[in-house]
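J.: Next input, structure requested:
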Amino acid sequence: MRKILKTLQSRLVVFGLILAVELVWLLILVTRLVSYSAAISAVFTVLSLLVVLWIINRDDNPAYKVAWIILIMALPLLGGLFYLAVGHKQPSRKMRRKMEKERIRTEDELLQDTEVMEEIRACDRRVEGQTRYTSVTGGYPIYKNTAARYYQIGEELYQDLLEELKKAEHFIFMEFFIVGEGKMWGSIRAILEEKAKAGVDVRFIYDDLGSVALLPANYDSQLEAAGIKCIAFNRFVPFWSLVMNNRDHRKIAVIDGHTAFSGGVNLADEYINEKVRFGHWKDTGFMLKGDAVWNYTVMFLRMWNSQRTTDISYSPYRPSVWHPQPFEGEGYVQPYGDSPLDDEGVAENVYLDILNQARDYVYIFTPYLIVDHEMQTALCLAAKRGVDVRIVTPGIPDKKMVFQLTRSYYPVLLKAGVRIYEYTPGFIHAKSYVCDDEIAVVGTINMDYRSLYLHFECGTYFYRSPVVADVKKDSLKTMEKSREITLRDTRQGFFGGLFCAVLRVFSPLL
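T.: Residues are numbered from 1 along each chain as shown. Down below sits the predicted model:
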């Protein structure tokens, strides 16, 4: 495996060098052409101006617009052409058409129980408004009768996932961003192969770019040969994959329709601390048993059938089919997905609503803090209103440049009263919000542009569930192990500040 990884990495380096040489050559060629012809220069200038006007008129995030406008102004000869080539970060028409067709075909599969919504309305009108938004606009209902267990570390989730997979009798659906060969994936794969041989319907989706450096080429074919139905989502294509930004960042496991796992944990050894990469790896997740699992089942099946038409109806996979006994559970649970296809920022809007409605506190785990103006304003405003806003980020980064970019947002937040902690033992990959002892969100959604605008994501909203207290307790324990950041820690000097300013301008493009 190490030889394969080194070979792939060396090929990517060579490809990058070749691409850089070609871009430099193209720049030189265009520059020389322009020097010989005022007409050519005028054409490029007009093209760049038209592209800038087009960008201004688009319904995109303002930070994304500003980044491209600055780039085009800095490189008027190639900026416009570059935007036309890679700037319109939208899924391909073919992908959009297939997924939208599958969503419309199955929209009756997810219907909100009005009695549940009325119960929430009687408890809190603000929460009712938020959950109604996610149910109506996002398309994912909220449920009762769902037991939930929170995992404060990946190792705990891993052990329960193995046990539940072993119990599977009818079907297993799994969808993950990263899969890497090792102890974790090896043990899971062995169970999946055994179950497939026993006649269990085993389906697996992994993001091809997310796993490109960790798995052999055409790994989906290997799994198919072992009886595991498999899709490599958005297959990696050199250079073009740099443009195809819409990755499947979800982590979903559904077992027999009544049990589901999700959270930040991928299927690689660092997520269970079997391999040390950036100190201790802190991740979180949860298990659901009950009615709310249906949202994750539909989420998976829509992705699967948009890529490989298999199911005429989703009804055979409902939670009650293989679990006829009534489900039990406290509180309300709402799993939801976010997609770059619908131009609706569900993931960010859920976060913003929590911040805007908070009364006492909001505690946040995020590996990356690369926020737009709206999110920054919401964080600052909540703190200025007297809400105890605390954010935990990594103490040991996985990407140094992104970590420096994360730190560039600290000063304005600290000045507003937001408290920021860095997880001293290592890297925190968890993504969670907990608020006022009533609301928690745990899922796959980072506080960065990719998660909030470009990727397929998922999260679960817990209201008056025991999970809320568990997330709060974990947050406070994690802060005790972390170092609180002060304004003095954010000093970077002139050149460091200048570098961060450049990073922040182009952060939506990274």
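
J.: which strands and helices sit next to the helix or strand harbouring residue 457?
T.: Taking DSSP states H and E as the definition, residue 457 sits inside strand 457-463. Secondary structure elements in contact with strand 457-463, counted by 3 or more C-beta pairs under 8 Å, 6 or more residues apart in numbering; DSSP states H and E, are helix 125-136, strand 259-263, strand 332-338, helix 346-357, strand 439-443. (Each C-beta comes from the backbone N, C-alpha and C, glycine too.)

J.: would a markdown table of the ones you listed with distance to residue 172, mean pLDDT and mean neighbour count be doable?
T.: Below are the helices and strands packed on strand 457-463 laid out as a markdown table (distance: least, C-beta to C-beta, whole Å; pLDDT from 0 to 100; neighbours: other C-beta atoms under 10 Å):
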| stretch | distance to residue 172 | mean pLDDT | mean neighbour count |
| --- | --- | --- | --- |
| helix 125-136 | 27 | 95 | 18 |
| strand 259-263 | 10 | 98 | 26 |
| strand 332-338 | 18 | 97 | 26 |
| helix 346-357 | 26 | 96 | 21 |
| strand 439-443 | 21 | 98 | 27 |
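
J.: Out of these, the one nearest residue 153 is which?
T.: Closest to residue 153 of the helices and strands packed on strand 457-463 is strand 259-263 (C-beta to C-beta; 10.6 Å).

J.: now the closest one, how far from the centre of its chain.
T.: The chain centre lies 15 Å from the centre of strand 259-263; the measure is C-alpha atoms, centre = their mean, to the nearest Å.

J.: same deal with stretch 312-321?
T.: 27 Å.

J.: Run through who's touching that stretch.
T.: Residues from elsewhere that reach stretch 312-321 (C-beta atoms under 8 Å, 6 or more residues apart in numbering): 106, 109, 171, 254, 257-258, 290-291, 293-294, 297-298, 301, 311, 327.

J.: CA-only coordinates of the strand holding residue 457 in PDB, if you can.
T.: Only the C-alpha atoms of strand 457-463 are listed here, as PDB (Å, rounded to 0.1, in the frame of the first residue of the first chain):
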ATOM      1  CA  GLU A 457     -23.200  17.200   3.500                       C
ATOM      2  CA  CYS A 458     -25.400  15.800   6.300                       C
ATOM      3  CA  GLY A 459     -26.100  16.700   9.900                       C
ATOM      4  CA  THR A 460     -28.600  15.900  12.600                       C
ATOM      5  CA  TYR A 461     -30.500  18.400  14.600                       C
ATOM      6  CA  PHE A 462     -31.400  17.300  18.200                       C
ATOM      7  CA  TYR A 463     -34.000  19.100  20.200                       C
END
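
J.: picking up where we left off before, can you lay out the helices and strands packed on strand 457-463 as a markdown table showing distance to residue 484?
T.: A markdown table is the format used below for the helices and strands packed on strand 457-463 (distance: least, C-beta to C-beta, whole Å):
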| stretch | distance to residue 484 |
| --- | --- |
| helix 125-136 | 30 |
| strand 259-263 | 26 |
| strand 332-338 | 31 |
| helix 346-357 | 20 |
| strand 439-443 | 22 |
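
J.: of the ones you listed, which approaches residue 142 most closely?
T.: Residue 142 lies closest, by C-beta to C-beta, to one member of the helices and strands packed on strand 457-463: strand 332-338, at 3.7 Å.

J.: What angle do helix 346-357 and that closest one make with each other?
T.: 130 degrees (axes from the mean of the first three to the mean of the last three C-alpha atoms, to 10 degrees).

J.: Show me what strand 332-338 is packed against.
T.: Here strand 332-338 touches helix 114-123, helix 125-136, strand 285-290, helix 293-307, helix 346-357, strand 457-463, going by 3+ C-beta pairs under 8 Å, 6+ apart.

J.: how about these in a markdown table, adding distance to residue 276?
T.: Listed next are the helices and strands packed on strand 332-338 as a markdown table, based on distance: least, C-beta to C-beta, whole Å:
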| stretch | distance to residue 276 |
| --- | --- |
| helix 114-123 | 43 |
| helix 125-136 | 38 |
| strand 285-290 | 20 |
| helix 293-307 | 31 |
| helix 346-357 | 30 |
| strand 457-463 | 27 |
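
J.: So which of those is nearest residue 186?
T.: Checked against C-beta to C-beta, the stretch from these lying closest is strand 285-290, at 19.7 Å.

J.: Listing partners with orientation, what would you give for the closest one?
T.: Here strand 285-290 has these sheet partners by DSSP bridges: strand 146-151 (antiparallel), strand 259-263 (antiparallel).

J.: what about it, average pLDDT?
T.: Across strand 285-290, pLDDT averages out at 98.

J.: can you list the weak-confidence ranges in the stretch 401-510 of the chain?
T.: Applying pLDDT under 70 to the stretch 401-510 of the chain flags the ranges 493-510.

J.: Which residue ranges of it form helices?
T.: Applying DSSP state H, counting those that start in this stretch to the stretch 401-510 of the chain gives helices spanning 410-416, 449, 466-480, 493-506.

J.: quick one, domains of this structure?
T.: 2-87, 93-332, 346-509 (automatic domain parsing).

J.: export those to CSV and tack on distance to residue 339?
T.: Below are these laid out as CSV (distance: least, C-beta to C-beta, whole Å):
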stretch, distance to residue 339
domain 2-87, 16
domain 93-332, 7
domain 346-509, 6
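
J.: wait, which of these is closest to residue 338?
T.: domain 346-509 (4.0 Å).

J.: how far does that closest one sit from the chain's center?
T.: Distance of domain 346-509 from the chain centroid (C-alpha atoms, centre = their mean) equals 14 Å.

J.: Test for you: state the pLDDT assigned to residue 236.
T.: 74.

J.: That one: what's it in contact with?
T.: By C-beta under 8 Å, 6+ apart, residue 236 lies in contact with 208, 209, 212.

J.: which of the residues you listed lies closest to residue 351?
T.: residue 209 (25.2 Å).

J.: which non-adjacent residue is nearest the closest one?
T.: In space, and not counting its chain neighbours, residue 209 is closest to residue 236: 4.9 Å by C-beta to C-beta, 6 or more residues apart in numbering.

J.: swap in residue 363?
T.: Nearest non-adjacent residue to residue 363 (C-beta to C-beta, 6+ apart): residue 475, at 4.0 Å.

J.: Report how many residues lie close to that neighbour.
T.: 24 (other C-beta atoms under 10 Å).

J.: what about it, distance to residue 426?
T.: As for residue 475, its distance to residue 426 is 17 Å (criterion: C-beta to C-beta, to the nearest Å).

J.: try residue 414
T.: On the measure of C-beta to C-beta, residue 414 and residue 426 end up 23 Å apart.

J.: ok, these two, which is more surrounded?
T.: Just comparing residue 414 and residue 426: by other C-beta under 10 Å the higher neighbour count belongs to residue 426, 21 against 18.

J.: and the nearest residue in space to that one that is not next to it in sequence, what is it in contact with?
T.: Distances taken as C-beta to C-beta, 6+ apart put residue 279 closest to residue 426, at 2.4 Å, once the chain neighbours are dropped. The contact partners of residue 279, by C-beta under 8 Å, 6+ apart, come to 395, 396, 425, 426, 427.

J.: Just the buried ones from the residues you listed?
T.: Neighbour counting over the contacts of residue 279 (16 or more other C-beta atoms under 10 Å) leaves 395, 396, 425, 426, 427 as the buried ones.
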